[in-house]
Every structure is written in structure tokens, then in C-alpha cells.
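Student: Give me a 3D structure for the following:
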Amino acid sequence: MKILMVGAGGIGGYFGARLHRAGADIHFLLRGQRLHQLSTEGLHIESPDGNFHIQPRVVSREALTPDYDLIVLSPKAYDLESVLTDLAPALGQALVLPFLNGFTHMQRLDAWLGAENVLGGVAHIGATITPTGAVRRLNELHRLTVGVRHVKQQAVAQAFVDAGQRSGFESVLSSDIEQALWNKWVFLASLAAITTLCHGTVGEVMATAHGESLTRRLYGQACDIASAQGRPIPEGAQVQALAMLCQAGSTFTASMLRDLEQGQRTEHEHILGELIALGDDGGVGCDLLRIAHTQLQVAQAQRLAR
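Tutor: Next up is the predicted model:
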């Protein structure tokens, strides 16, 4: 199976490097400075269980050919349209596997490519790109969940999951990938909301007088929106999510907070704004989510004004 990994950031770089090291036929679509850097220096991975380096097979948009079996997408949500434009020469008969935050990207991809060509994917990892260009995994969590949405996807999905299991990270085939996407969206929106509002880690929030109650209320509002959309979050997933969101002493934060503090563009519209819009459609109260969304809108307006 020939795989095209679009980008080499926290998700694409980390999981792609693991797959490459295990012998997968994987190529990285890159552009600009990242293309030059990985072509000349290779890709360095730093993780709690050891560091390693690969010399990846890289390709530019101009060199793309339509002979891939699977195209893996992991850009920021706001870059999706431009990425698909770059990908046009490679699409051919390939299936597309997105690992983006939120849910509405699935609807966009279905409209562009046809639902039969779009698998579902959920990435669980805390990772960042260091100043030297290495991809650093921040904790023990590194899992990819893949789901079939059409019978024609079964063989490719299973082959990708099997490759992941040989590559040193957790790789899972889900029987209901759309529910898995909702489970993560609700969790991530809550994590992004509370850590960006407070500019602190989960542990720092929990150490305050009202941090836990506010976090639980935020998560509850997000769960109410999911229920109104016909995707109630299962009790087990809620218990697991709240354990992470309310863990005393945790150093966990949303990547959105790191982006915010570094003056970068954030995914607040895709993770919070689109969830709030669905809450409005369903008549669900979400005042705390609105507060978090508003302060991120202000921060982004200030960034653009500088």
C-alpha cells in the first residue's frame, strides 16, 4: 500500500515517521521551508520512549502522481481547502483519511470527494514542533483510530491499522467512527475552552477554587450539544474525559493554548465556533463555550492588527 502523508507536523510527522521506520511505503507531501528542511536534514522525533531520526521520502506538489492507495490528511482545519487544491494531481483512485479536529470537515470532504472515498479518523496525541523542526511527543498518548464508512474502504483501512500496530503506536479500527469523532470533539472543545480561558494547564486550573466546577460545566454544555445532534457521548467516554480534564497536577493543555501563546492562528472557529452554532440550532445553552470563543476571537483580531 502506497501512502501519501500530507504534512509533517505533530500528527503527520510523528505517525508518518513511525510508519516509515516500520517499513511502510510512505511519502510526505511538503512545501516551502519544511520541504527543504526534511529533504536536507531528515525528520527527528523526540518522545518519552526514545528519540529517533528518519530520512523521509518527500514530494512536492509539482511531482505528485495519481498512484497512491491512501492519502492521510492532518492539516489545521483552516488549511483544508488549500491542501485539497495542492492534492488534486494525486487524488486518482486514492481513498482519503483525515485526522482533523471537529466534525464538519467530514461533510466538506464528502461534498468534494464523495463519502465512499472518505474514511474517518481520530488522532490522540500531544505533540509539537520544536524550534529546530523536530516533532516532540509530549506524553504517553499516541493513538490513531480509523473507521470504515463504505464497504470499498475495508481492505485499505485494515491494512493501515495493521501497519500502525507494527509501528509502535496504538492503532484501532472503530465500528462507529463518527461517534468517535464526536467524543473527541466534545472533549477537545472543553479542554481548549478552559485552558485558553485560564492560560494554564489542567493541573493549574484544578488548583483553583472554581476550576473543577467550571470545567465540568463546560464539558456538560458540549455533551448537551452532542446529544441534541443525535450523538450523545457514552457514559464510559464521559468518565474517561472528565478524568483527564479534572486531573490534579496534570500538565496537560490544548494545542490551541500553545498556538495562542505563540501568536499563531488557532482553530477556534472550527472547534468552538462550529460547536456553538450547532448548539444554537438545537436550542442548547452554551454560555461558557461562548465566553471561551469570544476571548479567542479577540485574541486573533489583535494578532491580525499587529
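Student: so what strands line up beside the lengthiest strand in the chain?
Tutor: If you go by DSSP state E, the chain has its longest strand at strand 135-147. When sheet partners are counted by DSSP bridges, strand 135-147 sits next to strand 43-46 (parallel), strand 120-129 (antiparallel), strand 170-174 (parallel).
Student: So which of those strands is nearest residue 199?
Tutor: Nearest to residue 199 among those is strand 120-129 (16.9 Å), distances taken as CB to CB. In this view, the C-beta of every residue, glycine as well, is placed from N, C-alpha and C.
Student: what's in contact with that closest one?
Tutor: 9-11, 13-15, 72, 74, 97-99, 106, 135-139, 141-147, 149, 174, 177-178, 180-181, 184, 252, 255, 258 (CB atoms under 8 Å, 6 or more residues apart in numbering).
Student: circling back: mind checking how far the longest strand of the chain is from the chain centre?
Tutor: 10 Å (CA atoms, centre = their mean, to the nearest Å).
Student: The helix or strand of the chain at the bottom of the mean pLDDT ranking packs against which elements?
Tutor: The least trusted helix or strand in the chain, going by mean pLDDT, DSSP states H and E, turns out to be helix 80-87, with a mean of 90. If contacts are counted by 3 or more CB pairs under 8 Å, 6 or more residues apart in numbering; DSSP states H and E, helix 80-87 sits against strand 2-6, strand 70-73, helix 104-113.
Student: Looking at these, spot the one closest to residue 60.
Tutor: That would be strand 2-6 among the helices and strands packed on helix 80-87, by CB to CB, at 12.1 Å.
Student: Can you name every helix or strand that the following helix or strand past that closest one contacts?
Tutor: Downstream of strand 2-6, the next assigned helix or strand under DSSP states H and E is helix 12-21. Contact here means 3+ CB pairs under 8 Å, 6+ apart; on that basis helix 12-21 packs against strand 2-6, strand 25-29, strand 43-46, strand 52-54, strand 120-129, strand 135-147, helix 154-165.
Student: So for the shortest one, what gets flagged as buried?
Tutor: Within strand 52-54, the residues that qualify as buried are residue 54, counting by 16 or more other CB atoms under 10 Å.
Student: Please apply the same query to the first one.
Tutor: Buried residues in strand 2-6, counted by 16+ other CB under 10 Å: 3, 4, 5, 6.
Student: Equivalent analysis for the fifth one, please.
Tutor: For strand 120-129, a neighbour-count test (16+ other CB under 10 Å) marks 120, 121, 122, 123, 124, 125, 126, 127, 128 as buried.
Student: Can you classify the closest residue to residue 202 other than its chain neighbours as helix, strand or coil?
Tutor: Residue nearest to residue 202 in three dimensions, not counting chain neighbours: residue 250, with 4.0 Å by CB to CB, 6 or more residues apart in numbering. The three-state label given to residue 250 by DSSP: H, G, I helix; E, B strand; the rest coil is coil.
Student: rewinding a little: the least confident helix or strand of the chain: how far from the chain's middle?
Tutor: Put simply, helix 80-87 sits 17 Å off its chain's centre (CA atoms, centre = their mean).
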